[in-house]
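Asks: build me a model from this:
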Amino acid sequence: MEKIVIEAVKREIKGKKVSTLRREGKLPGVIYGHHFETESIVMDLKSATKILNTATSSSIVTIVIDGKEHAALVREKQRDYIRNQYIHVDFQAVSQTEKIRTKVGIVVTGVAPAVKDFNGVVVEGLDSIEVEALPKDLPERFTIDISGLANIGDAIHVSDVSVPATVTVLTPAEEMVVLITAPASEEVEQASVTAEGEAVEPEVIEKGKKEEEGEEA
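Replies: Below is the predicted model:
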């Protein structure tokens, strides 16, 4: 696995004054962890963004602070959606010799025959699986191939996911990852028919509803 490195320096500026760093193209953050003294840091926004855009919740990132390397997980990425940029990042320092718990994302691939043959609908029940492992053994992601789901009702559960022997799965085995369901019933476009066979015009019902709402007002 390619080493992911983010260069950072200790940050003295905190609170509301942090906004000045962002205007200078810097990205503030913090790194904390077990047996690790919490440290406020600042990174170059442009270079850090390239890495953060591809880093998953189980990616081990090497944070270099004053020349010293710290293995860490990306725990939280705060983003300004209007400007489409990160504004703060939390890292959790980890020990390479201690197991950690984290969530590994799920990527669904392939085409289920049930979708082509029976117009089935793919329903994804989970987007990640919680695991425990040494940092070096954490999978980047779990790839789920649905090309074997041939019938309506076929499913893949956590127990069906291939997991390395060095990784312990914490999410319950019976949890559903992907399920093929029958297509939703088509909506009735014509007027509804009563039990007596009389047509009920939708606009009349809507009109009555509006009149009731007007009375309540």
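Asks: so which bits of the biggest strand by length in the chain are buried?
Replies: Selection of the longest strand in the chain by residue count, based on DSSP state E, yields strand 68-80. Within strand 68-80, the residues that qualify as buried are 70-74, 77, counting by 16 or more other C-beta atoms under 10 Å. Where you see a C-beta, it was placed from the backbone N, CA and C, and this is true even at glycine.
Asks: let me see the domain layout of this structure.
Replies: Each domain of the chain is listed here as a residue range: 4-97, 101-181, per automatic domain parsing.
Asks: can you redo those domains as CSV with mean pLDDT?
Replies: As requested, these are exported to CSV (pLDDT from 0 to 100):
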stretch, mean pLDDT
domain 4-97, 93
domain 101-181, 96
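Asks: what about residue 117, which SS state?
Replies: What DSSP: H, G, I helix; E, B strand; the rest coil gives for residue 117 is helix.
Asks: how many residues are close by the residue nearest to it when sequence neighbours are not counted?
Replies: Nearest non-adjacent residue to residue 117, counting by C-beta to C-beta, 6 or more residues apart in numbering: residue 150, 7.5 Å away. With neighbours defined by other C-beta atoms under 10 Å, the count for residue 150 comes to 15.
Asks: dump the residue contacts of residue 150.
Replies: Under the criterion of C-beta atoms under 8 Å, 6 or more residues apart in numbering, the neighbours of residue 150 are 112-114, 117.
Asks: and with 10 Å instead?
Replies: Residues near residue 150 by C-beta atoms under 10 Å, 6 or more residues apart in numbering: 112-118, 120, 180.
Asks: likewise residue 149?
Replies: With contact taken as C-beta under 10 Å, 6+ apart, residue 149 is in contact with 110-115, 120, 122, 155-156, 178-180.
Asks: name the nearest residue to the residue nearest the centre of the chain, sequence neighbours excluded.
Replies: Nearest residue to the geometric centre of the chain (C-alpha atoms, centre = their mean): residue 127, 6.0 Å. Of all residues beyond its chain neighbours, the one nearest residue 127 is residue 106 (5.7 Å), with distances taken as C-beta to C-beta, 6+ apart.
Asks: do the same with residue 114
Replies: Using C-beta to C-beta, 6+ apart and skipping the chain neighbours, the partner closest in space to residue 114 is residue 120 (3.8 Å).
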